[in-house]
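> I would like to see how this sequence folds:
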Amino acid sequence: MEKFRQVFKNKHVVLPVIHVEDLKQAILNIAVAKEAGADGVFIINHNIPYEKLLDIYQLVSDKFPGFWMGINLLDLGPFEVFDTIFGKGLRVQGVWTDNAMIDEFLKDHNQDEPEKIKRFISMDSWKGLYFGGVAFKYQRQVYELEKAAKIAERYMDVVTTSGPATGQEPDTEKIRRIRQAIPGKPLAIASGITPENVKDYLELADCFLVATGISRNFFTLDETKTERLIETVR
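Okay, the predicted model is just below:
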């Protein structure tokens, strides 16, 4: 929790997620999030290649100095993300992957991909935050939730989970079980959070990655909804 709290000072952290189309659209949406009082943003590529998103990341980082920004490269696996970022000498503030490759059926020392990423990050001395997806939408079903969470806390800065699909909130019992398994670890929810339901999760999660619940459409944040969510959380 210490590394997370060194970066974010608010008790609950709100990170709007921007589905990037181009530079202008990214700038407009980041401005909405910043003006509303968000703690930072994640930018993510659905319809553009990761190379273009990385270029945009560098440009918007210069445009908004001091504002925290993370990245999710959907067209790369988790190790490939770090290999690409470190290989290009980029210093991104956060990386989010939908699948951190945690396997609760393997012993801790057999978590090959997470171990590989952990060693790689350690060798590079990266100062950013790693949000790793566990029991995440559209990924392999997790059968032993608490065990998966306990393994995951060794390999990432923020254990990140979701509801069953985009825009669908997670079952509060699922979040409660993860919270109880990793009481001292930052926990993020990355789907289905809205200004109306976020109160149900304030005692369970530390961080909210939000898109659908505060957007006009897939590519545009709604100013009023974004402000209302952050006011409710605060």
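> does T194 count as helix, strand or coil?
coil (DSSP: H, G, I helix; E, B strand; the rest coil).
> burial of it, as a residue count?
Neighbour count for T194, taken as other Cβ atoms under 10 Å: 17. All C-beta atoms are positioned from the backbone trio N, CA, C, and that covers glycine.
> now swap in D39 and tell me
Using other Cβ under 10 Å, D39 has 21 neighbouring residues.
> Isn't it up against R5?
No. In this structure, D39 is not within contact of R5 by Cβ atoms under 8 Å, at 11.8 Å.
> biggest strand in this protein by residues?
The longest strand of the chain (DSSP state E) is strand 13-19.
> Give me the helices and strands touching it, please.
helix 23-36, strand 40-44, strand 68-72, strand 207-210, helix 223-233 (3 or more Cβ pairs under 8 Å, 6 or more residues apart in numbering; DSSP states H and E).
> Report the angle between the next helix or strand after the third one and strand 68-72.
In the C-terminal direction, the helix or strand that comes right after strand 68-72 (DSSP states H and E) is helix 78-87. Between the axis of helix 78-87 and that of strand 68-72 there is an angle of 130 degrees, by axes from the mean of the first three to the mean of the last three Cα atoms, to 10 degrees.
> which SS state does W96 fall under?
Relying on three-state DSSP, one would call W96 strand.
> repeat for P183
Of the three states, P183 takes coil according to three-state DSSP.
> Output the worst-scoring helix or strand of the chain on mean pLDDT in PDB with nothing but the alpha carbons.
Least confident helix or strand of the chain, by mean pLDDT, DSSP states H and E, is helix 112-124 with a mean of 89. Taking C-alpha atoms only, helix 112-124 is exported to PDB below (Å, rounded to 0.1, in the frame of the first residue of the first chain):
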ATOM      1  CA  ASP A 112       6.400 -18.000 -14.500                       C
ATOM      2  CA  GLU A 113       5.000 -15.000 -16.400                       C
ATOM      3  CA  PRO A 114       4.300 -12.900 -13.200                       C
ATOM      4  CA  GLU A 115       7.800 -13.700 -11.900                       C
ATOM      5  CA  LYS A 116       9.300 -12.700 -15.300                       C
ATOM      6  CA  ILE A 117       7.500  -9.400 -15.200                       C
ATOM      7  CA  LYS A 118       8.500  -8.800 -11.500                       C
ATOM      8  CA  ARG A 119      12.200  -9.400 -12.300                       C
ATOM      9  CA  PHE A 120      12.100  -7.300 -15.400                       C
ATOM     10  CA  ILE A 121      10.500  -4.300 -13.400                       C
ATOM     11  CA  SER A 122      13.100  -4.800 -10.700                       C
ATOM     12  CA  MET A 123      16.000  -4.700 -13.100                       C
ATOM     13  CA  ASP A 124      14.700  -1.500 -14.700                       C
END
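> list the buried ones in it?
Applying a neighbour-count criterion of 16 or more other Cβ atoms under 10 Å, one finds E113, P114, I117, I121 buried in helix 112-124.
> Tell me the one of those nearest R91?
Proximity of the buried residues of helix 112-124 to R91, judged by Cβ to Cβ, is greatest for I121, which lies at 12.7 Å.
> From G132, how far off is the closest one?
Remark: distance between I121 and G132 (Cβ to Cβ, to the nearest Å) = 11 Å.
> now do S61
S61 sits 22 Å away from G132, going by Cβ to Cβ.
> Compare the two (neighbour count), which wins?
Taking other Cβ under 10 Å, S61 and G132 do not tie; G132 has more neighbours (26 against 20).
> Enumerate every residue touching that one.
Applying Cβ atoms under 8 Å, 6 or more residues apart in numbering to G132 gives the contacts P78, W96, T97, A100, I102, P114, A152, Y155, M156, V158, V159, T160.
> if we can go back for a sec, include distance to E146 when you put the buried residues of helix 112-124 into a markdown table, please.
Shown next, in a markdown table, are these (distance: Cβ to Cβ, whole Å):
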| residue | distance to E146 |
| --- | --- |
| E113 | 21 |
| P114 | 17 |
| I117 | 22 |
| I121 | 25 |
